[in-house]
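> Sequence first, then the predicted structure:
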Amino acid sequence: MESRIDQALERHHMGYNCAQSVACTYCDLFGFDEETAFKMTEGFGLGMGSMQATCGALSGAMAVAGMLNSKGLGQYVSKKDTYALGRRMTGEFTDAVGSIVCREIKGVDTGVILKSCDGCVEEGCRLVEKLLEEKGL
């Protein structure tokens, strides 16, 4: 699959939040229309609560991972694997960015910016694209 990072960055520059930028870029691979993906991930932008929590780009990547990995309603056997995948993605994001907390990434308290929002969107996309490659998509 050809990288879609540029498409995600284009969405971000159009006003999509970080979660929307990642999730909407790959939603077609899972049968979601962009409007639905946009609405579902709107609350995950800006660190879920005005920079207080998890980076939206990672949240968007996790949403895509769930869509890819979950067996669906009534098929609860996939949760363990999806949670493990989430832990791995969180670790890889932390290694690349330095934190998963938006407030820390943006240096709100320290004045030290760990990565730009565009950089976080790129990292979220890299996680998704790595997963897609592993799944043979």
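Yep, it's here. None of these values were measured; they are calculated from a predicted model.
> Which stretches in the chain count as strands?
In order along the chain, the chain carries no strands (DSSP state E).
> The nearest residue to Glu123 once chain neighbours are set aside: neighbouring residues, count only.
Residue nearest to Glu123 in three dimensions, not counting chain neighbours: Ala96, with 4.9 Å by C-beta to C-beta, 6 or more residues apart in numbering. All C-beta atoms are positioned from the backbone trio N, CA, C, and that covers glycine. Ala96: 16 surrounding residues under other C-beta atoms under 10 Å.
> show me where pLDDT drops low in the chain?
Across the chain, the ranges flagged by pLDDT under 70 are 75.
> who touches the nearest residue to Glu133 once chain neighbours are set aside in this structure?
If the residues on either side of it in the chain are set aside, Glu133 comes closest to Met1, at 7.3 Å by C-beta to C-beta, 6+ apart. For Met1, the contacting residues are Glu129, Leu132, Glu133, Leu137, by C-beta atoms under 8 Å, 6 or more residues apart in numbering.
> Quick one, which of these are buried?
Glu129, Leu132 (16 or more other C-beta atoms under 10 Å).
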